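Participant: Mind folding the following:
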Amino acid sequence: MKNRFSTIDVFASVNELNSCLKGSRVGNIYDVSHRTYLLKFSKDEVKRTLLIESGIRFHLTTYEWPKSPAPSSFSMKLRKHTRNKILLNIQQLGVDRIVDFQFGFSSVLYHVIVELYDRGNIFLCDAEFNILNALRPRTDQNTDVKFIVGQKYPVEEAKLEAPFLTAEQLKDLFSKCKPSDPVKRVLIPHTLYGPSLIDHCLRIKSLPPGIKVNAFTTDDELVGKATEVLHMAEEIFQEIKTAEKYEAFVTYKLDKASIEGEEKSVKVFIDFCPYKFSHVSESPFDCFNTFNEAVDSYFSLLEGQKIDAKTLHQEKQILKKLDNIRHDHEQRLKNLETQQIGNRRKGELIKLNLQSVEKALTVIRSALANKMTWSEVAEIVEDAKSQNDPVASKITKLRLDVNKFEMRLSDDVFAQFYNDLSSESEDEEDDNGDSEVHSAVVEIDISKSAYANARVYFDGVRQASQKEQKTIEASEKAFQNAERATQQSLKQMDVSARIEKLRKTFWFEKFLWFISSDNFIVIGGHDQQQNELLVKKYLKRGDLYVHADTRGNQCHRQKSLRCTGE
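Facilitator: I've put the predicted structure just below:
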């Protein structure tokens, strides 16, 4: 897929723009991105928009491109020096992919130089080609020339003409390449013709486009055929360079894509060219009256697809954010429910095991009251466990540093039931696992009684229930706000991400106007100058002229009433 201008494309675009833009005045400059700019021109009430993308393309556009909300510093600099200036000339510097836009008058002249090779660049220069601003300051590694503010742009270093390879140069070139290399691939880097033109000339000379060097029996035959191809390419190259009008072509292919659940054919552009090369007829193509129309259609579709993909990604991010809010809310409610169930269960287990808890509290309190160390208390518990003491065996962990300990308490009724069941079952491990469901590790506060510890857990149930209710009430309002913000964001993205074709502006839209209920167009001027223009230029036979003279009004409104005939 072609993604930037070639030298031939630069020829065509420069020649077409000179015929329609020369003498136009710059209205304003906008930036679409950090490397794409829109220049608004007007001439004889005809408005045109020039799109310049650094390193890629420049052409007229009839689409409404999304603009940056605030102009960049480079855009402001261009506005300062070129706004309201007249476009005097557009020229290509030699045969390089460098274009010079000249703005101003005879006394005040500015150059906007656009580079369309490598990473691309845009320079604003004065009449002497001194750089006033650069989109991307850089230093040429080969010549060590600095392209920065204050330096002079090296116009004289541009290639003045395309080099034509002689027979000796071709022999040397083919001797250094591999025998399996295609002839086209060998020639393209050493010429300015491009792959499309070389491919076309090979076909005209009855040679396959992918013919290889070793397909020729002798070197003289190879050099002879290559020379013929280059001569034909030079003729077409010069023809395109000097032409004033072009019939352009855009080739494409049809791919299947699923759109809103339906499989449809989608047009995918492949190439654009200002000349009907041989490969154009081999695939479906669209024909355009001008090269600028073809390029505008080609890149607008590509950029539209990129913006659609970017918009889809942003929409997914916004919807994912809403899903995360919903998931976080559900997880919070689930945790509160789990907390209520756990606290209620622990409180009930303490009530069912009051005697064991009270005995454990009594033993530990008496040990601490006798000024035993924590390690000694732990030894007492371990000794009791070794003697199969039923209370000590329930103590799982001592946390005397926070005045607490943990006990594994169980519902004795269910525990006895599962123990009886396990003795009769063949799979004891499964039944023991089920019995574990009816026991839990409960944290006991040494400073409180068994009832007080149970009350702490029941209070936790009540607090979690109240918190759950408040969370549900607050979440409903938060959900509504989040969904409203999401819908607003999606609407803004949908508006800002569209590349739509500009509607043709009618002549009367610069005046005050409306269409009456009788299908008449009523037109009035904004001021006295527009009123005079309406009468002198647009008032025709059969129109109705209405004039009102009101005391205190300096500007008198005149309204032209014309039937549209529709």
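
Participant: Find me the pLDDT at the residue nearest in space to the middle of the chain, would you?
Facilitator: Central residue of the chain (C-alpha atoms, centre = their mean): residue 310, 3.6 Å from the mean position. Looking at residue 310, its pLDDT stands at 70.

Participant: what about this structure, any weak spots by pLDDT?
Facilitator: 106, 162, 257-264, 308-309, 311-312, 412-438, 489-504, 548-566 (pLDDT under 70).

Participant: quick one: furthest residue from the center of it?
Facilitator: Residue of the chain lying farthest from the centroid, by C-alpha atoms, centre = their mean: residue 370 (73.6 Å).

Participant: Torsion angles phi and psi at it?
Facilitator: phi -80, psi 10 (degrees, to the nearest 10).

Participant: Tell me the spacing between it and residue 486.
Facilitator: 65 Å (C-beta to C-beta, to the nearest Å). Glycine gets a C-beta too; all of them are placed from N, C-alpha and C.

Participant: for residue 182, same thing?
Facilitator: 54 Å.

Participant: Residue 32 touches residue 63, doesn't it?
Facilitator: No - between residue 32 and residue 63 there is no contact under C-beta atoms under 8 Å: 10.7 Å.

Participant: List the buried residues in the host helix or strand of residue 250.
Facilitator: For residue 250, the element it lies in under DSSP states H and E is strand 248-259. For strand 248-259, burial by neighbour count (16 or more other C-beta atoms under 10 Å) applies to 248, 249, 250, 251, 252.

Participant: before we move on, what about stretch 514-525?
Facilitator: So stretch 514-525, judged by 16+ other C-beta under 10 Å, has buried residues 520, 521, 522, 523, 524, 525.

Participant: And stretch 60-77, by the same measure?
Facilitator: 60, 61, 62, 63, 65, 66, 67, 71, 74, 75, 77.

Participant: Quick one: end-to-end length of that stretch, please.
Facilitator: Start-to-end span of stretch 60-77 (C-alpha to C-alpha, to the nearest Å) is 22 Å.

Participant: Check stretch 23-41 too.
Facilitator: 10 Å.

Participant: what comes into contact with it?
Facilitator: By C-beta atoms under 8 Å, 6 or more residues apart in numbering, the residues outside stretch 23-41 that reach it are 21, 42-43, 47-56, 61, 65-68, 71-72, 74-75, 78-79, 82-87, 103, 120, 122, 135.

Participant: so how far is residue 338 from residue 110?
Facilitator: 72 Å.

Participant: At which residues are the helices of the stretch 251-400 of the chain located?
Facilitator: All helices of the stretch 251-400 of the chain, identified by DSSP state H, counting those that start in this stretch, fall at 291-352, 354-369, 374-386.

Participant: same check, this time on the chain
Facilitator: Counting by DSSP state H, one finds helices in the chain at the ranges 7-21, 73-82, 167-176, 183-187, 194-204, 219-242, 291-352, 354-369, 374-386, 412-424, 428-435, 450-496, 528-533.

Participant: I'd like to know which of those helices is closest to residue 142.
Facilitator: helix 7-21 (19.6 Å; C-beta to C-beta).

Participant: which helices and strands does the closest one pack with?
Facilitator: strand 46-53, strand 57-60, strand 87-92, helix 194-204, helix 219-242, strand 262-273, helix 291-352 (3 or more C-beta pairs under 8 Å, 6 or more residues apart in numbering; DSSP states H and E).

Participant: Pull it out as PDB, backbone CA atoms only.
Facilitator: The C-alpha trace of helix 7-21 is given here as PDB (Å, rounded to 0.1, in the frame of the first residue of the first chain):
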ATOM      1  CA  THR A   7       8.800  12.400  -7.300                       C
ATOM      2  CA  ILE A   8       6.200  11.900 -10.100                       C
ATOM      3  CA  ASP A   9       3.400  12.700  -7.600                       C
ATOM      4  CA  VAL A  10       5.200  15.900  -6.600                       C
ATOM      5  CA  PHE A  11       5.300  17.000 -10.200                       C
ATOM      6  CA  ALA A  12       1.600  16.400 -10.700                       C
ATOM      7  CA  SER A  13       0.500  18.100  -7.400                       C
ATOM      8  CA  VAL A  14       2.700  21.200  -7.900                       C
ATOM      9  CA  ASN A  15       1.500  21.800 -11.500                       C
ATOM     10  CA  GLU A  16      -2.200  21.400 -10.500                       C
ATOM     11  CA  LEU A  17      -1.900  23.600  -7.500                       C
ATOM     12  CA  ASN A  18      -0.200  26.400  -9.500                       C
ATOM     13  CA  SER A  19      -3.100  26.500 -11.900                       C
ATOM     14  CA  CYS A  20      -5.700  26.900  -9.200                       C
ATOM     15  CA  LEU A  21      -4.100  28.300  -6.100                       C
END
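
Participant: Just the buried residues of it, please?
Facilitator: 7, 8, 9, 10, 11, 12, 13, 14, 15, 16, 17, 21.

Participant: Could you do stretch 390-404 as well?
Facilitator: Buried, per 16+ other C-beta under 10 Å, within stretch 390-404: 391, 392, 393, 394, 395, 398, 400, 404.

Participant: do the same with stretch 219-238
Facilitator: Under the neighbour-count criterion of 16+ other C-beta under 10 Å, stretch 219-238 has 222, 223, 225, 226, 229, 230, 232, 233, 234, 236, 237 buried.

Participant: One more: stretch 535-542?
Facilitator: Buried residues in stretch 535-542 (16+ other C-beta under 10 Å): residue 539.

Participant: mind starting the numbering at 606 from now?
Facilitator: With 606 as the first residue, the last one maps to stretch 1140-1147.

Participant: Now the terminal residues of that stretch, how far apart.
Facilitator: End to end - C-alpha to C-alpha - stretch 1140-1147 spans 13 Å.

Participant: Tell me which residues touch the nearest residue to residue 686 once chain neighbours are set aside, please.
Facilitator: Among residues not flanking residue 686 along the chain, residue 715 sits closest, at 5.0 Å (C-beta to C-beta, 6 or more residues apart in numbering). Shown in contact with residue 715 (C-beta under 8 Å, 6+ apart): 686, 687, 690, 707, 708, 709, 729, 730, 731, 732, 737.

Participant: ok, the first one to residue 680 distance?
Facilitator: Looking back up the chat, that one is residue 686. 12 Å.

Participant: do the last one as well
Facilitator: In this view, residue 737 and residue 680 are 14 Å apart by C-beta to C-beta.

Participant: now the helices of the chain as CSV including distance to residue 1147?
Facilitator: Converted to CSV, those look like this (distance: least, C-beta to C-beta, whole Å):
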stretch, distance to residue 1147
helix 612-626, 34
helix 678-687, 44
helix 772-781, 73
helix 788-792, 66
helix 799-809, 55
helix 824-847, 49
helix 896-957, 37
helix 959-974, 106
helix 979-991, 110
helix 1017-1029, 101
helix 1033-1040, 98
helix 1055-1101, 41
helix 1133-1138, 19
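
Participant: Indicate which one of these is closest to residue 753.
Facilitator: Once these are compared by C-beta to C-beta, helix 678-687 is nearest, at 13.8 Å.

Participant: Next, the angle from that closest one to strand 651-658.
Facilitator: 140 degrees (axes from the mean of the first three to the mean of the last three C-alpha atoms, to 10 degrees).

Participant: who are the neighbours in contact with the closest residue to residue 881 other than its chain neighbours?
Facilitator: Setting aside the residues directly before and after it, residue 881 is nearest to residue 854 in space (C-beta to C-beta, 6+ apart), at 5.8 Å. Residue 854 makes contact with 877, 878, 881, 885, 890, 891, 892, 893, 899, according to C-beta under 8 Å, 6+ apart.

Participant: Equivalent analysis for residue 705, please.
Facilitator: Residue 705 touches 694, 695, 696, 697, 698, 716, 717, 718, 760, counting by C-beta under 8 Å, 6+ apart.

Participant: which residues does it bridge with?
Facilitator: residue 696, residue 718 (DSSP bridges).

Participant: And it, how far from residue 729?
Facilitator: 12 Å.

Participant: anything in contact with each of these two?
Facilitator: Each of 716, 717 lies in contact with both residue 705 and residue 729 under the rule C-beta under 8 Å, 6+ apart.

Participant: So what's the residue count around residue 1149?
Facilitator: 12 (other C-beta atoms under 10 Å).
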